[in-house]
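> I would like the atomic coordinates for the input below:
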Amino acid sequence: MCELFGASLKRNSDITKYLKEFFSHSVKHPHGYGIMYNENGNIRRFKEPIKAVNSQKLKDILQNLTPQKNVLGHIRLATVGKIKQENCHPFYGKDIAGREWTFIHNGTIYSGSKLMNYLEKQKGDTDSERVFMYLLDLVNNEIRLNSNNDLGEHKRCEIVKKLAFNLSKRNKFNFMIFDGELLFVHKNMKDTLYIKENKNGVIISTVALDKEHWEQIPMAKVLAYRSGEKVFESESHGNEFVPTLDYLNALATFNI
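Numbering: from 1, shown residues only. Modelled structure (predicted):
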């Protein structure tokens, strides 16, 4: 499976040590990586279809990374889709009101009829890209109902909640989304996403990145953080993904 990283902090902080530990896991997740970060007030995203620990570009980014407030990271173990640039995370794009959305995903959409319309439109061939295209359509449809105006915080939370509730049944659907203000987090499989909280905000990762205390992200709920503070928590949709023997055997074939 892939691994996810997210940070939402109250003030710009040096999180390089967490990112270096996170990307070191690419030894076992070698099929691509991606990162979203801030550079001189602008959101930057970079991804490559190679092992993160072998990337000179990533080394340069981390070496020159200034203190950050909002960061996403992804390392890929390809279970759906070829190993190529178009299939690496994050996926990102603008809605029709101009807001930028960034999406990273860990899991597989086995049951996703709502995503079939995107098969011929997508650039790559992953279910993750189709999920992101579906998300943008949900957002844009709501914007049109709102007279093409940018959506408020509550409405954006409800849209991401709808995404999770619509696609989580019978699917493993862990994700993080950043909309320029809010970091959204969701998991529906046990022991697959952890959070470290302190006075400056939250660091979230598929596995703990140091020996300090990390807690599990709540199951089957959408959470949203703004500048390190939780501003939204949905009710549970109840669609916990419990891995079958076939699922575990399939993952075992990708062990490096």
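> may I have the phi/psi pair for V27?
Backbone torsions of V27, given as degrees, to the nearest 10, read phi -60, psi -40.
> from E21, how far out is it?
As judged by C-beta to C-beta, to the nearest Å, V27 and E21 stand 12 Å apart. For glycine as for every other residue, the C-beta is placed from the backbone atoms N, C-alpha and C.
> ok, S205 next?
Computed as C-beta to C-beta, the S205 to E21 distance reads 9 Å.
> isn't there a helix covering V80?
No. Counting by DSSP: H, G, I helix; E, B strand; the rest coil, V80 is not part of a helix but coil.
> verify the stated contact: it with T108.
Yes. With contact defined as C-beta atoms under 8 Å, V80 and T108 form a contacting pair (6.0 Å).
> neighbour count for these two, which is higher?
T108 (19 against 16; other C-beta atoms under 10 Å).
> wait, what's in contact with that one?
T108 makes contact with T79, V80, D127, N171, K172 under the criterion C-beta atoms under 8 Å, 6 or more residues apart in numbering.
> can I get those in a markdown table including pLDDT and distance to S147?
Conversion of the contacts of T108 to a markdown table gives the following (pLDDT from 0 to 100; distance: C-beta to C-beta, whole Å):
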| residue | pLDDT | distance to S147 |
| --- | --- | --- |
| T79 | 81 | 41 |
| V80 | 81 | 38 |
| D127 | 94 | 33 |
| N171 | 94 | 34 |
| K172 | 94 | 37 |
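> using JSON lines, lay out those residues together with distance to F241.
Below are the contacts of T108 laid out as JSON lines (distance: C-beta to C-beta, whole Å):
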{"residue": "T79", "distance to F241": "14"}
{"residue": "V80", "distance to F241": "15"}
{"residue": "D127", "distance to F241": "14"}
{"residue": "N171", "distance to F241": "6"}
{"residue": "K172", "distance to F241": "4"}
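> and those, which are buried?
Buried members of the contacts of T108, counted by 16 or more other C-beta atoms under 10 Å: T79, V80, D127, N171, K172.
> kindly state the pLDDT recorded for the nearest residue to L167 once chain neighbours are set aside?
Once flanking residues are discounted, L167 sits nearest to F173: 5.6 Å by C-beta to C-beta, 6 or more residues apart in numbering. pLDDT recorded at F173 is 96.
> what about the strands in the stretch 151-256 of the chain?
172-178, 182-186, 194-198, 201-205, 215-216, 222-226, 229-233 (DSSP state E, counting those that start in this stretch).
> so which elements touch the third one?
By that I understand strand 194-198. Applying 3 or more C-beta pairs under 8 Å, 6 or more residues apart in numbering; DSSP states H and E, one finds that strand 194-198 contacts strand 201-205, strand 215-216.
> and it, what's buried?
Under the neighbour-count criterion of 16+ other C-beta under 10 Å, strand 194-198 has Y194, I195, K196 buried.
> remind me, longest helix of the protein?
helix 127-145 (DSSP state H).
> contact partners of the helix or strand hosting I43?
Using DSSP states H and E, I43 sits within strand 42-48. If you take C-beta under 8 Å, 6+ apart as the criterion, strand 42-48 is touched by 32-38, 55, 57-58, 61, 74, 85, 88-90, 92, 100, 102, 180.
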